[in-house]
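Colleague: Curious how this folds, go ahead:
(one chain, ligands or ions: 1)
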Amino acid sequence: MSTGELRRVAVIGAGNMGHQISLCCVLAGLETACVDVSEEQLQKAEAFMKKYLPERVAKGRLSEESAQEAARLLRFTADLEAGAREADFVIEAVTEKLSLKKDLFRRLDQICPPQTVLATNSSFFVSSLLAGETGRPERVCNMHFFNPALVMKCVEVVKGPHTAAGTADLAIRLAQKMGKKPVLLHKEIYGFLVNRILRRIMDEALYLLDTGVASAEDIDSAVVNALGHPMGPFTLMDLTGIDLSYHVAMERYRESGDPAQKPSPTVVEKYARGEWGRKKGRGFYTYEEK
Ligand code: 3HC
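Modeller: The predicted model follows:
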């Protein structure tokens, strides 16, 4: 399938990543269904769109016509079948639970036309864990966006041993259509490229905090003002979600059996308290709005 023929996308999951990926798709001119089991999540995603598009127009970043067209192209639905049955390309962005994703891929395989590509935005599950749930492993790959997806240009496309070259190529061209700068991983590796590098930074930042060397504020300040990063590691963990940091570390621990890979004491404590970052109004920092 050429990118020109690709017209309809279904994004499964309207959370932190899914609602912004859906907007990236409609802003690229693709008819998009944003699907979630939670009506509340769908309402939040729709409210974000209604605020975001006019703001872009007011800022002079988007024409009024393009904003109206984007809003027209995007629909929100809790009905997986209605959202995915005509999709040419599916991007799954649900909670990072393998059993949930496996079940979803099984269902999508039944619902979607045979040529539809099924991509996962998972941060850490490689697509070969999901491909076997479908009768189309050659059309399954990872397509990993970064937070905030509307802003971050990088998209990692990961080719599993089962992924056809044409599938990875289509994912790359789709990302380019969204104005992204995709990178191709020729083989699967835990954490892909970016999170492997980022984890080293975050682990070290957490070690320095846990051992009382410096405060979260000062570590963030040092990383911003000495290394030129746009935000420090603790501000970033608040943005991406401390629950995600917790699950990533637990997964690393489960996979390796190495106790050193367990989440840091601070992450465990914040995870247990529900202080998951911006989305909860509190993480390493406190936020006025949830
Ligand atoms: N959603 C949509 N757009 C946003 C946004 C958000 N949450 N936050 C900021 N923006 C937009 C603003 O509207 C603005 O757009 P404009 O320039 O076109 O007007 C632009 O981003 C810059 O915003 P601000 O001036 O308000 O703020 P900053 O300059 O501080 O930028 C930031 C905010 C883009 C978040 C920047 O701090 C940044 O790049 N931070 C690093 C983010 C990062 O490292 N992401 C990767 C995380 S790892 C990950 O995602 C892994 C995955 O597995 C979860």
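Colleague: Contact distance from the ligand - what residues of the stretch 101-250 of the chain qualify?
Modeller: By CB under 6 Å from any ligand atom, the residues of the stretch 101-250 of the chain that approach the ligand are 123, 146-148, 150-152, 195, 198, 230-231, 236, 240, 244. C-beta coordinates here come from the backbone N, C-alpha and C atoms, glycine included.
Colleague: Report the buried residues of stretch 180-187.
Modeller: Buried residues in stretch 180-187, counted by 16 or more other CB atoms under 10 Å: 180, 182-183, 185.
Colleague: make that stretch 123-136, sorry
Modeller: Judged by neighbour count (16+ other CB under 10 Å), stretch 123-136 contains these buried residues: 123-131, 133-134, 136.
Colleague: from those, which ones fall inside helices?
Modeller: Judged by DSSP state H, helices contain the following of the buried residues of stretch 123-136: 128-131.
Colleague: re earlier: now the residues of the stretch 101-250 of the chain next to the ligand as TSV including distance to residue 70 and pLDDT?
Modeller: As requested, these are exported to TSV (distance: CB to CB, whole Å; pLDDT from 0 to 100):
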residue	distance to residue 70	pLDDT
123	26	89
146	21	97
147	20	94
148	16	96
150	11	98
151	16	98
152	19	97
195	29	90
198	30	93
230	26	96
231	27	97
236	28	96
240	25	91
244	27	89
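Colleague: In the stretch 51-200 of the chain, mark out all the strands, start to finish.
Modeller: 74-77, 89-92, 117-120, 140-145, 154-158, 181-185 (DSSP state E, counting those that start in this stretch).
Colleague: one step back: just among the residues of the stretch 101-250 of the chain next to the ligand, which is most surrounded?
Modeller: Neighbour counts for these were taken using other CB atoms under 10 Å; the highest belongs to residue 240, with 24 neighbours.
Colleague: how far away is the residue lying closest to that one once chain neighbours are set aside from residue 134?
Modeller: Counting by CB to CB, 6 or more residues apart in numbering, residue 147 is the residue found nearest to residue 240 once chain neighbours are left out, at 5.0 Å. Distance check for residue 147 against residue 134: by CB to CB, to the nearest Å, it reads 27 Å.
Colleague: And residue 30, how far from residue 7?
Modeller: Spatial separation of residue 30 from residue 7 under the definition CB to CB is 6 Å.
Colleague: Residue 204 now?
Modeller: In this view, residue 204 and residue 7 are 45 Å apart by CB to CB.
Colleague: Which one of those two is surrounded by more residues?
Modeller: For residue 204 versus residue 7, neighbours defined as other CB under 10 Å are more numerous around residue 7 (16 against 13).
Colleague: residues in contact with residue 14?
Modeller: In this structure, residue 14 makes contact with 22, 34-36, 38, 41-42, 44-45, 76, judged by CB atoms under 8 Å, 6 or more residues apart in numbering.
Colleague: Looking at these, which are in strands?
Modeller: Using DSSP state E, 34-35, 76 are the members of the contacts of residue 14 that sit in strands.
Colleague: show me where the protein has helices.
Modeller: 18-27, 39-58, 64-73, 80-84, 98-111, 128-131, 165-177, 194-210, 216-227, 233-240, 242-256, 265-273.
Colleague: Make JSON lines from those and add distance to residue 1 to it.
Modeller: Compiled in JSON lines, those are given as follows (distance: least, CB to CB, whole Å):
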{"stretch": "helix 18-27", "distance to residue 1": "16"}
{"stretch": "helix 39-58", "distance to residue 1": "27"}
{"stretch": "helix 64-73", "distance to residue 1": "19"}
{"stretch": "helix 80-84", "distance to residue 1": "16"}
{"stretch": "helix 98-111", "distance to residue 1": "17"}
{"stretch": "helix 128-131", "distance to residue 1": "18"}
{"stretch": "helix 165-177", "distance to residue 1": "6"}
{"stretch": "helix 194-210", "distance to residue 1": "27"}
{"stretch": "helix 216-227", "distance to residue 1": "42"}
{"stretch": "helix 233-240", "distance to residue 1": "32"}
{"stretch": "helix 242-256", "distance to residue 1": "32"}
{"stretch": "helix 265-273", "distance to residue 1": "41"}
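Colleague: Great, nothing more from me.
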